[in-house]
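**Q** From the sequence below, what's the structure:
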Amino acid sequence: QQRQDGLVKKLSSRIANRIRNMVTHDGVHDTGCPLKVFRRPVLERICLYEGMHRFFPALALMHGFTVTEVPVRHYPRIHGHSKYGMGNRLFKSLYDLIAVPWFMIKLIDRAKTGSYPRSRAEVMEGVVADAMAKVAQSLAGDAGAAARITAGQSRQGLQATAEQILLDLAWRMQTDLSKTLPLSDAFLTMRTARGQREFSLEQLYEALVQNKLLAPDGASAVRFAYQGIQAYCCARAILQQSEAERALDNIVASLGRLTRLHWWQDVLVFACGMMALRDPDMLQRFVRTIVFGLDLLQAEQAFLAARCLAEGATHATEAVTDTKLVDTVTTALTWRLDNAFEPRSTQRSQAAQLLGQITFGPRIDELVRIAYGRARQDRHHKQDFDHSNVRMAAIVGLLRLDPEMRRQRLAGIDPDGTLVTLLDL
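**A** The predicted structure is shown next:
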């Protein structure tokens, strides 16, 4: 109430909130307000990602919780100056909305069945399988195609062939370092994978587009509808190769450049999720290659190693049994939590989030220190609390712990159990 910000900030905030509300229909006037109070079950259900504070109400409503908006008075900034304006506030919201539909899909589909995904790989597997079943149904339902389908070419066979075509397209685009492929090259790849099976490539292409696996890029090119689908299908294409480990090692060897790491990181994370289910020993060998083949003093490389560990651990806690690997990665993340080494709060927040997913034992104390202690040194060289996004990530990490372990780690700063009681609400 009685907001005292300037005209530009008020206008940009109003436009961004209106655009967000048009998509999410959460009914909240301003999600940019940093004062938010949650019950513990809400945070246990919600996964963190950059910019998600704008969508907390929509995500909570989607999981069946209630949201109440209470007017608060304006609190003027005490230190520093605002870094938000029309450009980065409005267009950041528009950029975040690009990811929201995908985030919503993967949660809603699981929520309808009463289950929640353990990993990104599991989510994508279900989404792609459902879409490919519809593609096969479309191919088999065509009168002309149905007449040509032989007894050995069942709907399952059609689906398997269509999936292989999708994997081949993903592998081709990923190795070409491209998000698009000329239609002529795409149909050539599709024709090669189809072999002697009798169905129309044009109809297959239309079905893949209709089911939001592929999307036209102009009049003469094609792309994957979501970049995550390309990464997932490429990971599957790699793991079905006879020399899969060699292919993965070659990719890791090329990650010295940041652009290459950004290009391949989602593929490698998906691959770890699949290996955790199919071959934990292969996963452990690959994580060892990641950990000892990259420079973990570099933030992005340390985060990739942690994401690979976390993706594998979501399927089976025993997937990576080498504690030296885990300790090496958690040490790199802990080092990055110190603002003397990492001044960017977004990087410290990501380090805290990942540490909460893979840490154990003494490293948990770092999450406690960040969440409840004066862990940041300000510009006057005095100890102060870290920024809210970093502390929030640390608290969510603590919420993921076993209650008894959390109680033990908080005992030193919470003798009367107040914090434990709040976290258990």
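
**Q** Helix or strand: which one has residue 138?
**A** helix 120-141 (DSSP states H and E).

**Q** One more: residue 269?
**A** Secondary-structure assignment from DSSP H and E places residue 269 in helix 258-278.

**Q** Give the other helices and strands that that helix contacts.
**A** Applying 3 or more CB pairs under 8 Å, 6 or more residues apart in numbering; DSSP states H and E, one finds that helix 258-278 makes contact with helix 120-141, helix 155-175, helix 227-239, helix 244-253, helix 280-293, helix 299-315. Any C-beta I mention is one placed from the backbone N, CA and C, and that applies to glycine too.

**Q** Make TSV from these and add mean pLDDT, distance to residue 264 and mean neighbour count to it.
**A** Shown next, in TSV, are the helices and strands packed on helix 258-278 (pLDDT from 0 to 100; distance: least, CB to CB, whole Å; neighbours: other CB atoms under 10 Å):
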stretch	mean pLDDT	distance to residue 264	mean neighbour count
helix 120-141	84	15	19
helix 155-175	90	8	20
helix 227-239	93	9	23
helix 244-253	94	5	16
helix 280-293	88	11	18
helix 299-315	83	9	23
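
**Q** out of the ones you listed, which comes closest to residue 374?
**A** The closest of those to residue 374 is helix 299-315. By CB to CB, the value is 23.3 Å.

**Q** Toward the C-terminus, what is the element adjacent to the closest one?
**A** helix 323-336.

**Q** So for that following helix, mean pLDDT?
**A** Averaging pLDDT along helix 323-336 yields 85.

**Q** got it, and stretch 372-387?
**A** pLDDT averaged over stretch 372-387 gives 79.

**Q** Would you indicate which residues of it are buried?
**A** 372-373, 375-376, 386 (16 or more other CB atoms under 10 Å).

**Q** Switch these over to a markdown table, and while doing so, append secondary structure and distance to residue 335 to every line.
**A** What follows is the buried residues of stretch 372-387, written out as a markdown table (DSSP: H, G, I helix; E, B strand; the rest coil; distance: CB to CB, whole Å):
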| residue | secondary structure | distance to residue 335 |
| --- | --- | --- |
| 372 | helix | 20 |
| 373 | coil | 17 |
| 375 | coil | 13 |
| 376 | strand | 15 |
| 386 | coil | 15 |
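
**Q** tell me the two of the residues you listed that are most distant?
**A** Longest distance between any two of these is 12.6 Å, between 372 and 376; criterion CB to CB.

**Q** Can you list the buried residues in stretch 249-267?
**A** 251-252, 255, 261, 263-267.

**Q** out of the residues you listed, who's nearest residue 199?
**A** residue 267 (28.7 Å).

**Q** Is the closest one in contact with residue 235, as I believe?
**A** Yes. The pair formed by residue 267 and residue 235 meets the contact definition of CB atoms under 8 Å, at 5.0 Å.

**Q** Residue 297 - nearest residue in space that isn't next to it in sequence?
**A** residue 332 (7.1 Å; CB to CB, 6 or more residues apart in numbering).

**Q** What distance do you get for the one you found to residue 341?
**A** 11 Å (CB to CB, to the nearest Å).

**Q** Please identify which of the two sits among more neighbours.
**A** residue 332 (24 against 12; other CB atoms under 10 Å).

**Q** Provide a list of residues in contact with the more buried one.
**A** 296-297, 302, 305-306 (CB atoms under 8 Å, 6 or more residues apart in numbering).

**Q** which of these sit farthest apart?
**A** Maximum distance among those (CB to CB): 13.7 Å, for 297 and 306.

**Q** and the contacts of residue 332 as a markdown table, adding distance to residue 159?
**A** Formatted as a markdown table, the contacts of residue 332 follow (distance: CB to CB, whole Å):
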| residue | distance to residue 159 |
| --- | --- |
| 296 | 41 |
| 297 | 46 |
| 302 | 39 |
| 305 | 35 |
| 306 | 35 |
